[in-house]
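In: following is a predicted model, sequence given first.
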Amino acid sequence: MTAWNDIPDASTGLASPRALDCGAFMAWASVAELPAETLAPAEAALADGVRSARRRRELLAGRLAARRALRAAGLEAGPVLRDDSLPRFPAGTAGSIAHSGGVAVAIAAPLSAVVTVGVDLEVGRSGLAAGPARLLCAAAERRGLSPGEAPRALLELACAREALYKAACMAGAHRPRLCDVRCTRVPGGVEAVLMRDVAPGLPRALRVCVNVDRLGDRLVASVVVRKGARRGEWGRSLHRAGTPLRSHRLTTAVTR
């Protein structure tokens, strides 16, 4: 029996796989479910070298979430292994995994439609303290925020930046430096502009809107960078034609 008590409840629409842009899907899993589905032996072996029992279980929950995302996207749900510290999704697919507080979330998409995807998750944190904020957020991003809104806003910026960092790493890049990404808060998310080339398909002046969703004590940031966008063109919207675009359904744009 699936235990959803440790992940967003069904009323959020995120308890079961959710369609994103370009054929990508987001899926969730909880450590409380293990072993609800049998993972490949090679996936289970990834946890052998992890000392912390909590981290081992979260790693395995991440693979379970990845399998669900792959299946939801109609892709091969093969083993998700590892290259150094990065997850290695099956050939022909792009993916990203995050886990925190006993919860895991993953995104999977066909490489034929996307350059890369990224996701980050924070559980049980209401905001970002001043010290970490100075390391993770640029001065321009911290400026102008009131003391009351700064911790929450800066955590959203940091989570969005991490999602974009993961997307860049999965595309074959090194981690962008703080000065390589200019972030601005927009309704429902964060708009990020790359200030230099960081990876194939992630050129200077690429503009992406990173979705930021708050679900109780959970904060999830996700980004899908699609192929084929022209200069200044926004990615395909996630709403039905003729209906307003909801603020949290931000999509991706490319400026070449």
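Out: Everything's here; your move. Please read these numbers as outputs of a predicted model, since none were measured by experiment. Numbers count the residues shown, from 1 in each chain.
In: low-confidence stretches in the stretch 101-250 of the chain?
Out: For the stretch 101-250 of the chain, residues meeting the criterion pLDDT under 70 lie at 188, 228-250.
In: show me which positions of stretch 81-92 end up buried.
Out: Applying a neighbour-count criterion of 16 or more other C-beta atoms under 10 Å, one finds Leu81, Pro87, Phe89, Pro90 buried in stretch 81-92. Where C-beta positions appear, they are placed from N, C-alpha and C, glycine not excepted.
In: contact partners for the first one?
Out: Spelled out, that is Leu81. Ala42, Glu43, Leu46, Pro87, Arg88 (C-beta atoms under 8 Å, 6 or more residues apart in numbering).
In: which other helices and strands does whatever helix or strand the fourth one lives in contact?
Out: If you go by DSSP states H and E, Pro87 is part of strand 86-88. In terms of contacts (3 or more C-beta pairs under 8 Å, 6 or more residues apart in numbering; DSSP states H and E), strand 86-88 is packed against strand 81-83, strand 93-100.
In: those strands: which one's closest to Leu157?
Out: strand 93-100 (16.2 Å; C-beta to C-beta).
In: the closest one pairs with which strands?
Out: Applying DSSP bridges, strand 93-100 is found paired with strand 103-110 (antiparallel).
In: how about the strand it pairs with as PDB, C-alpha atoms only?
Out: What follows is strand 103-110, C-alpha atoms only, in PDB (Å, rounded to 0.1, in the frame of the first residue of the first chain):
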ATOM      1  CA  VAL A 103      10.900  12.800   0.700                       C
ATOM      2  CA  ALA A 104      12.200  12.500  -2.800                       C
ATOM      3  CA  VAL A 105      11.200  14.200  -6.100                       C
ATOM      4  CA  ALA A 106      12.400  13.500  -9.600                       C
ATOM      5  CA  ILE A 107      11.800  14.900 -13.100                       C
ATOM      6  CA  ALA A 108      12.300  12.900 -16.300                       C
ATOM      7  CA  ALA A 109      11.900  14.000 -19.900                       C
ATOM      8  CA  PRO A 110      12.900  12.800 -23.400                       C
END
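In: sheet partners, orientation included, of the helix or strand just after it?
Out: Reading on from strand 103-110 to the C-terminus, the next helix or strand found by DSSP H and E is strand 114-123. Strand pairing for strand 114-123, using DSSP bridges, gives strand 218-226 (antiparallel).
In: cool, thanks, signing off.
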